[in-house]
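S.K.: next come a sequence and a model predicted from it.
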Amino acid sequence: MRMPSRSSGHEPSATSPAPARWPRPPLPSLDAYREAVADLLVEVAALAETSSTSARQVLLDQRMRDPAIAAVLDATPQGFVGARETLLLEMARYQPDEHSSAGDLTALVRIYLLSRIDIMWWRDALPLLTDEQVTSHPDLVDLEWLRRRGLIAFRYQEQPRTLLGRGVRAVRRRLWPDAVPSAAGVRFRRARREIVALLNDVAREFDRATPAGTPPLWVTSLVRSAEQQYQLRRLGYAAMVPSGHCLGWAVDVELSWFARFGARDTLAEILLARQAAGELNVVDEGHAWHLCLAPAARARFRSAYEAEMGA
């Protein structure tokens, strides 16, 4: 008598039910998180002296266990423990640098903790590890191609690639120091389609809300490779790891430069209103503000991009 073969257990049979897929728990409250981070920053600022290193570590160890903070950090790929240890290491290695958006330890903590919202949102996205991946990725479009066809409403400038180009840039800055923002410029003129539509939308709103003669929205940083992110860290910038820039969902826009046109506060209000509406995560990084598109807004901006390109 021939016995029926037994399943190896590695593959389900044709009649076995599919494995259950448990839905992820709802995302933590971002209002509560931002409020708890703001309270933490007040306490960190009070312990800013070098002699307060031990006290800061104790404070962070205690305050980061606040349920509102711990819930967000635990929802990132690093988890709570990994995110906590990374922040403590960032603080231990921190050195003031004129290039860095983190002017002091309080700014460093603010930038790190608020940028974890990006990582929680896009925790399943794959990072762009190399420059080659950025230049060849099919989900990224060439901004210069769009610019030449009048399809973008914002401005940017590329980093000069040659010694001659850097020399010309330096001369222009000496002759016209305030003509454009002082940021180095973007290394890659590429962006996700949804990000293009988002920036176009913000740029148009900004244009409607400001007097004639106000320059358009200025973008200082777009997508970055992990290679570039680590290079920025070596140069002293507060380039966090992991970063929404390396996932293609974060950009930086100039803020301080618009004060000379009386438009800085207007742009800040626009960005914060969009954050309150759940469309963006906004991180104040001084001269520039870091923006990350919320996953909930992705479909709308993808449709907007396709509609604009089709028109």
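M.R.: Structure's in. What do you need? Numbering: from 1, shown residues only.
S.K.: how many neighbours does the nearest residue to His137 once chain neighbours are set aside have?
M.R.: Closest residue in space to His137, ignoring its immediate chain neighbours: Leu128 at 6.4 Å, by Cβ to Cβ, 6 or more residues apart in numbering. For the C-beta atoms, the positions are set from N, CA and C on the backbone; glycine is no exception. For Leu128, the neighbour count with other Cβ atoms under 10 Å is 27.
S.K.: which ones are touching Leu128?
M.R.: Neighbouring residues of Leu128 by Cβ atoms under 8 Å, 6 or more residues apart in numbering: Val134, His137, Val223, Arg224, Ser225, Ala226, Cys246, Leu247, Gly248.
S.K.: and it, how far from Arg192?
M.R.: According to Cβ to Cβ, to the nearest Å, Leu128 and Arg192 sit 11 Å apart.
S.K.: and for these two, which residues touch both?
M.R.: Val223, Gly248.
S.K.: so what's Trp22 scoring on pLDDT?
M.R.: Note on Trp22: pLDDT of 55.
S.K.: follow-up on the earlier one: helix or strand for the residue nearest to His137, which one?
M.R.: Assigned by DSSP states H and E, Leu128 falls within no helix or strand.
S.K.: for Val72, same thing?
M.R.: helix 67-74.
S.K.: packing partners of that helix?
M.R.: helix 30-45, helix 79-92, helix 105-121 (3 or more Cβ pairs under 8 Å, 6 or more residues apart in numbering; DSSP states H and E).
S.K.: just the buried residues of it, please?
M.R.: For helix 67-74, the neighbour count (16 or more other Cβ atoms under 10 Å) marks Ala68, Ile69, Ala70, Ala71, Val72, Leu73, Asp74 as buried.
S.K.: and of those residues, the nearest to Trp257?
M.R.: Val72 (31.3 Å; Cβ to Cβ).
S.K.: most tightly packed of the helices and strands packed on helix 67-74?
M.R.: Highest mean neighbour count among the helices and strands packed on helix 67-74 (mean count of other Cβ atoms under 10 Å): helix 105-121, with a mean of 23.
S.K.: how near is Asp252 to Asp104?
M.R.: Separation of Asp252 from Asp104 (Cβ to Cβ) stands at 19 Å.
S.K.: same question, Trp249
M.R.: Taken as Cβ to Cβ, the span from Trp249 to Asp104 is 27 Å.
S.K.: same check on Ala71?
M.R.: For Ala71, the distance to Asp104 - Cβ to Cβ - is 27 Å.
S.K.: what do you get for Ala226?
M.R.: For Ala226, the distance to Asp104 - Cβ to Cβ - is 26 Å.
S.K.: beta partners of the residue most central in space within the chain?
M.R.: Closest to where the C-alpha atoms of the chain average out (Cα atoms, centre = their mean) is Ala250, at 3.5 Å. In this entry, Ala250 is beta-bridged to Cys292, by DSSP bridges.
S.K.: that one touches Ile119, doesn't it?
M.R.: No: shown here, Ala250 and Ile119 do not form a contact pair, counting by Cβ atoms under 8 Å, at 9.9 Å.
S.K.: what sits in contact with each of those two?
M.R.: Ser243, Gly244.
S.K.: show the contacting residues for the residue nearest to the centre of the chain.
M.R.: Here Ala250 is in contact with Ser115, Asp118, Ser243, Gly244, His290, Leu291, Cys292, Leu293 (criterion: Cβ under 8 Å, 6+ apart).
S.K.: was I right about the first one contacting Glu285?
M.R.: No: under the criterion of Cβ under 8 Å, Ser115 makes no contact with Glu285, lying 9.2 Å away.
S.K.: gap between stretch 245-263 and the chain center?
M.R.: 11 Å (Cα atoms, centre = their mean, to the nearest Å).
S.K.: likewise for stretch 94-108?
M.R.: The answer for stretch 94-108 is 17 Å, by Cα atoms, centre = their mean.
S.K.: likewise stretch 197-214?
M.R.: 21 Å.
S.K.: flag every buried residue along it.
M.R.: Ala197, Leu198, Leu199, Asn200, Asp201, Val202, Ala203, Glu205, Phe206, Thr210, Thr214.
S.K.: can I see the domain layout of this structure?
M.R.: Structurally, the chain divides into domains by automatic domain parsing as follows: 30-121, 131-310.
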